[in-house]
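Asker: This is a predicted model, with the sequence first.
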Amino acid sequence: MKILITGGCGFLGSNIAKTLLEKNHELMIIDNLQRHGSKKNFEWLKSSHDFIFLKNDIVELETLSEDIIKFNPTTILHLAGQVAMTTSLEDPHRDFLVNAYGTFKLLELIRINLPLSKIIYSSTNKVYGDLEHLNYKESETRYKIENYEAGIPEEIRLEMSSPYGCSKGTADQYILDYSKNFGVKSIVFRHSSIFGKRQFSTFDQGWIGWFVKQAIDSKMNNTELVFNISGDGKQVRDVLFSDDLVDLYIKAINSEISGEVFNIGGGILNSLSLIELFDKLSDKLDIPYSVNFGPWRSSDQKVFVADISKVKEKLNWNPKITTDQGLDEMIKWVYEI
């Protein structure tokens with residue numbers, strides 16, 4: 001099978017690419033190698049496998065059209081994007097060009113030249129906005145949404161209340177619309193929080209990896225561990241380890257499902273707050289910590305836990321790796337890099 005991955009040297013892209021190459025699929029990767037760690041991921045992939053690589057930006061897609069059409073991919077995994085909330089607030093124009101307009105260009109290429117190709121899109125829970133219209137309960141370590149014990153379903157209203165949420169939501173909706181009106185085969189995954197190997201985290205991208213790195217650096221250097229966060233630390237996400245997410249994308253590639261959207265995460269059983277994460281890291285690394293609390297970030301969600309019942313039913317997928325198992329693997333990998 002011929003598969004194109006945009007953003008194929010990012011955290012998720014490189015993990016999926018490695019698995020596809022090991023399964024002997026023909027692979028084309030498009031990546032501008034600008035994201036932190038992407039060059040290392042490119043070298044990691046290239047050290048063991050051959051694939052077609054186009055170094056370019058998704059915004060400049062027209063310069064790549066001829067190569068893509070010639071390759072004629074069966075499936076396109078559209079993972080390229082501007083993914084940092086802070087960057088979207090600093091440069092909303094660039095955020096729109098990459099996430100919304102870049103996706104529109106790709107859809108037009110598929111509609112006109114690649115009508116048999118399927119697109120699988122990496123969207124985000126930020127399309128639901130800050131979810132402040134819901135009711136919350138507060139405990140000592142976390143918030144909980146009332147009346148959504150299994151998490152947030154796909155049917156809840158969209159409320160794109162940040163540049164990042166707007167740009168990703170625009171792409172999300174265009175993909176579903178192109179499936180409905182033009183017959184473009186598509187699947188949209190609205191991701192919650194993901195973490196794992198090959199994630200070179202920064203302060204605004206990959207929060208679990210970032211805090212794991214801080215804890216390990218403090219442990220190795222015998223320095224005081226202070227976590228700097230926005231909000232009160234009780235905000236909750238469901239977390240998903242990368243191996244489980246790769247498994248989901250493989251299932252989606254092989255599925256005949258089209259025109260569907262799925263909320264994706266570790267589910268309620270793999271949910272935790274920042275404070276709960278810090279406690280786990282403190283226990284696992286045997287290191288005390290303190291927290292500096294800053295103002296809440298614009299459009300931050302007190303809670304996002306994905307209701308994954310739909311994806312369980314339609315794609316026969318369920319997370320296998322627990323939060324603790326994933327954290328152990330993440331700690332091991334961060335020690336190695």
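Answerer: Sure thing, it's come through.

Asker: Could you pull out the helices in the stretch 51-200 of the chain for me?
Answerer: In the stretch 51-200 of the chain, helices defined by DSSP state H, counting those that start in this stretch lie at 65-71, 85-90, 92-96, 102-113, 163-182, listed in chain order.

Asker: Which among those is found nearest to residue 138?
Answerer: helix 85-90 (23.4 Å; C-beta to C-beta). For glycine as for every other residue, the C-beta is placed from the backbone atoms N, C-alpha and C.

Asker: buried residues in that closest one?
Answerer: 85, 87-88 (16 or more other C-beta atoms under 10 Å).

Asker: Neighbours of residue 133, how many?
Answerer: Neighbour count of residue 133, defined by other C-beta atoms under 10 Å: 9.

Asker: same check, this time on residue 93
Answerer: Neighbourhood size, residue 93 [other C-beta under 10 Å]: 9.

Asker: now do residue 318
Answerer: Neighbour number of residue 318 under other C-beta under 10 Å is 12.

Asker: which one is it nearest to, not counting chain neighbours?
Answerer: Using C-beta to C-beta, 6 or more residues apart in numbering and skipping residues adjacent in sequence, the residue nearest residue 318 is residue 312, 5.4 Å away.

Asker: For burial, what's the neighbour tally of residue 305?
Answerer: By other C-beta under 10 Å, 29 other residues sit near residue 305.

Asker: Could you tell me how far it is located from residue 65?
Answerer: From residue 305 across to residue 65, the span is 40 Å (C-beta to C-beta, to the nearest Å).

Asker: thought residue 327 was touching residue 282?
Answerer: No. Counting by C-beta atoms under 8 Å, residue 327 does not reach residue 282; the two are 11.8 Å apart.

Asker: The two: who's more crowded?
Answerer: More crowded of residue 327 and residue 282, by other C-beta under 10 Å: residue 327, with 21 against 14.

Asker: What strand or helix carries that one?
Answerer: Assigned by DSSP states H and E, residue 327 belongs to helix 323-336.

Asker: Would you mind pulling up the elements that that helix packs against?
Answerer: helix 207-221, strand 236-241, helix 274-285 (3 or more C-beta pairs under 8 Å, 6 or more residues apart in numbering; DSSP states H and E).

Asker: rerun that using 10 Å as the cut-off
Answerer: Packing contacts for helix 323-336, counted by 3 or more C-beta pairs under 10 Å, 6 or more residues apart in numbering; DSSP states H and E, involve strand 193-195, helix 207-221, strand 236-241, helix 242-253, strand 271-273, helix 274-285.

Asker: quick one: the longest one to helix 274-285, angle?
Answerer: If I follow you right, that is helix 207-221. 40 degrees (axes from the mean of the first three to the mean of the last three C-alpha atoms, to 10 degrees).

Asker: Send me helix 207-221 as CSV with only the CA atoms.
Answerer: Output of helix 207-221 as CSV, limited to C-alpha atoms (Å, rounded to 0.1, in the frame of the first residue of the first chain):
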residue,chain,number,x,y,z
TRP,A,207,3.0,18.6,28.4
ILE,A,208,3.6,15.1,29.8
GLY,A,209,7.0,14.8,28.1
TRP,A,210,7.9,18.3,29.2
PHE,A,211,7.2,17.6,32.8
VAL,A,212,8.9,14.2,32.7
LYS,A,213,12.0,15.9,31.3
GLN,A,214,11.9,18.5,34.0
ALA,A,215,11.7,15.9,36.7
ILE,A,216,14.5,13.8,35.3
ASP,A,217,16.8,16.8,34.8
SER,A,218,16.2,17.8,38.4
LYS,A,219,16.9,14.2,39.6
MET,A,220,20.1,13.9,37.6
ASN,A,221,21.4,17.3,38.6
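
Asker: Off-centre distance for that helix?
Answerer: Using C-alpha atoms, centre = their mean, to the nearest Å, the mean C-alpha position of helix 207-221 is found 21 Å from that of the whole chain.

Asker: ok, and what's touching the helix or strand that that helix is followed by?
Answerer: The C-terminal neighbour of helix 207-221 among helices and strands, as given by DSSP H and E, is strand 226-230. For strand 226-230, contacts defined as C-beta atoms under 10 Å, 6 or more residues apart in numbering pick out 203, 207, 210-211, 214-215, 218, 233, 235, 274-275, 277-278, 281, 289-298, 300.

Asker: buried set for strand 226-230?
Answerer: In strand 226-230, counting by 16+ other C-beta under 10 Å, buried: 227, 229.

Asker: That one to helix 207-221, inter-axis angle?
Answerer: On the basis of the same axes, to 10 degrees, strand 226-230 is oriented at 160 degrees to helix 207-221.

Asker: who's residue 304 bridged to?
Answerer: Under the criterion DSSP bridges, residue 304 forms beta bridges with residue 237.
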